[in-house]
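# fold the following and give me the result.
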Amino acid sequence: MHLDPPAPFPHRHTHSAQPAGAEPALRNGGLRALRVGLGGPVGSGKTATVAALCRALREEFSLAVVTNDIYTREDAAFLLRAAVLPPERIAAVETGACPHTAIRDDISANLEAVEDLEHAAASSGGLDLILVESGGDNLTATFSKGLVDAQIFVIDVAAGDDIPRKGGPGITTADLLVVNKTDLAPHVGSDLAAMARDAEAQRGSRPVAFTSIKAEDGVSPIADWTRARLAAWKQETVAL
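Below you'll find the predicted structure:
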């Protein structure tokens with residue numbers, strides 16, 4: 001899929017809520033986009049995961065992305081340079097504080113960004129999926145259910161194989177846990193089998209994907225999970 005060179009940065013979102021009375025654009029049939037949040041510690045591979053998901057799904061679905069950084073728009077800039085989506089489908093939020101404040105405590109800036117993307121895409125048929133990427137945070141970081149419909153939490157083996165055992169809401173409650181950079185396990189002394197056991201102990205039947213995002217087809221288990229969530233979302237919403 002050919003994409004034009006990146007345009008100047010999209011509108012900067014900081015704090016203001018959507019004006020009263022404004023309604024988000026909906027897909028044909030009245031179905032709004034599924035909103036999926038991606039969280040995890042700094043350096044775990046969240047932005048790489050978002051980029052890989054966009055490449056894997058952009059021919060099948062209408063996508064947009066909202067990134068969060070504290071004082072910059074670095075992640076949005078990375079996605080723009082990589083041309084994973086047209087520039088008008090990428091929005092940046094500057095949180096000005098710890099990332100969880102904008103994805104859980106005061107979600108107004110992210111909601112504004114999401115709704116702006118939905119409105120902008122209305123004339124071309126609307127959106128199927130919006131990915132909301134948190135800035136790097138700790139194991140307690142979770143998204144407000146008023147912002148996203150499902151959550152992915154990304155960790156990496158280089159941070160230590162005890163991370164799943166430590167738990168925390170990000171590990172235990174995310175709809176999908178991604179253990180990234182498995183190719184580094186032999187080099188950093190991480191025991192993948194122990195990580196799998198600990199993740200199961202913390203999460204029960206909730207799914208876990210062990211992968212290396214930068215490997216060929218490394219995003220496949222996450223893309224498959226996202227497709228399944230989209231299918232379920234459409235069925236559930238139509239049923240209502």
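
# C-alpha from now on. contacts and neighbour counts both.
Noted.

# so the closest residue in space to residue 114 that isn't next to it in sequence: helix, strand or coil?
Taking C-alpha to C-alpha, 6 or more residues apart in numbering as the measure, residue 114 lies nearest to residue 66, with 6.9 Å between them; neighbours along the chain are not counted. Using DSSP: H, G, I helix; E, B strand; the rest coil, the three-state assignment for residue 66 comes out as strand.

# so what's the residue count around residue 66?
If you count neighbours by other C-alpha atoms under 10 Å, residue 66 ends up with 24.

# how many residues are close by residue 142?
Residue 142 has 28 neighbouring residues, counting by other C-alpha under 10 Å.

# now the strand or helix carrying residue 221: buried residues?
Using DSSP states H and E, residue 221 sits in helix 220-239. Of all the residues in helix 220-239, those buried under the rule 16 or more other C-alpha atoms under 10 Å are 220-223, 226-227, 229-230, 233-234.

# hmm, back to that, mind listing what the residue nearest to residue 114 touches?
When contacts are counted by C-alpha atoms under 8 Å, 6 or more residues apart in numbering, residue 66 is found next to 76, 90-93, 110, 113-114, 130-133.

# change it to 10 Å
With contacts taken as C-alpha atoms under 10 Å, 6 or more residues apart in numbering, residue 66 has the following neighbours: 13, 37, 50, 75-76, 89-93, 110-111, 113-114, 117, 130-134.

# just the ones of the residues you listed in helices?
Counting by DSSP state H, the contacts of residue 66 place 50, 75-76, 110-111, 113-114, 117 in helices.
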